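# generate coordinates for the sequence data below:
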Amino acid sequence: MRDKKLSVKETFSSVQGESTHAGRLCFFIRLAGCNLDCSYCDTLEAKSLASGKEMSVAKLVLLAEESGLGLVEVTGGEPLLQESTPELCAALLAKGFEVLVETNGSLPISTLPEGVVRVMDCKCPSSGESGHILRGNFAFLHAQDEVKFVLGDRDDYDFALSLISSERLDAKTRNLLLSPITGRLDYQVLTSWMLEDKVPARFHVQLHKIIWGQDAKGV
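Model prediction:
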């Protein structure tokens with residue numbers, strides 16, 4: 001059987017910055033192509049599938065091995081747009097890697113193999129894409145999976161709390177993340193809301209942007 005191919009925007013080693021694994025060294029595989037158009041997107045260069053370079057699963061696994069790191073994140077774009085993403089994840093798991101997949105939550109996460117940590121980004125109203133949340137995904141969450149809400153204002157915060165409550169997300173995963181958009185929602189303001197409401201979630205910032213700056217690429 002021929003090795004499956006994927007459209008890859010970039011690969012690089014960096015500090016994991018957008019999950020409960022933040023701070024750990026990680027090898028990133030950024031796949032090309034996305035089906036959403038979020039207002040705050042910081043990876044517009046990966047939006048088009050054609051923007052990527054064709055690479056095989058075997059080559060990507062080799063690059064991960066050469067990185068010398070035990071943690072791999074498959075991100076995008078939207079990685080679940082590409083049909084070979086589950087095969088890539090399975091191949092990485094077979095080599096003993098910890099594997100994270102960051103997805104925008106609009107496509108089925110059930111296609112991913114057991115053992116993958118799914119980091120599901122639930123789009124809030126200010127993103128312009130909150131209508132694309134695939135709620136059926138919540139039934140496939142495991143305790144180690146993560147649900148992230150990127151917040152730009154109070155409406156986003158209230159939306160996140162409503163979804164956490166209505167879907168009982170705190171009973172499905174121990175990893176709920178509230179992440180303020182830098183420059184749009186003050187860190188102290190969000191923290192005060194969370195304290196007042198006793199939210200069963202973690203305050204979360206994009207660590208890599210604190211280290212390298214808001215406009216840094218390939219980190």
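# give me phi/psi at the residue lying closest to residue 145 once chain neighbours are set aside?
Spatial nearest neighbour of residue 145, chain neighbours left out: residue 118 (4.5 Å); criterion: CB to CB, 6 or more residues apart in numbering. C-betas here are computed from N, CA, C, even on glycine. When read as degrees, to the nearest 10, the backbone of residue 118 gives phi -90, psi 120.
# enumerate every residue touching residue 118.
Contact criterion CB atoms under 8 Å, 6 or more residues apart in numbering gives 101, 103, 109, 112, 140, 141, 142, 145, 146 as the residues in contact with residue 118.
# those residues: which two are farthest apart?
103 and 142 (14.2 Å; CB to CB).
# neighbour-wise, which of these two wins?
residue 103 (23 against 13; other CB atoms under 10 Å).
# give the bridge partners for that one, please.
As for beta bridges, residue 103 partners with residue 120 under DSSP bridges.
# surely it is in contact with residue 122?
No. Using CB atoms under 8 Å, residue 103 is not in contact with residue 122, being 10.4 Å away.
# could you spell out the sheet neighbours of the biggest strand by length in the chain, each with its direction?
If you go by DSSP state E, the chain has its longest strand at strand 5-15. When pairing is defined by DSSP bridges, strand 5-15 lines up against strand 25-31 (antiparallel), strand 53-56 (antiparallel).
# keeping just the C-alphas, turn the shortest one into CSV.
Coordinates of the C-alpha atoms in strand 53-56 are reproduced here as CSV (Å, rounded to 0.1, in the frame of the first residue of the first chain):
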residue,chain,number,x,y,z
LYS,A,53,3.8,21.0,0.6
GLU,A,54,2.9,17.4,0.0
MET,A,55,4.6,15.1,2.5
SER,A,56,4.1,11.4,3.3
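# so how far is the helix or strand where residue 177 lies from its chain's centroid?
Using DSSP states H and E, the element containing residue 177 is strand 175-180. Its chain's average C-alpha position is 11 Å from that of strand 175-180, according to CA atoms, centre = their mean, to the nearest Å.
# I am finished for the moment; much appreciated.
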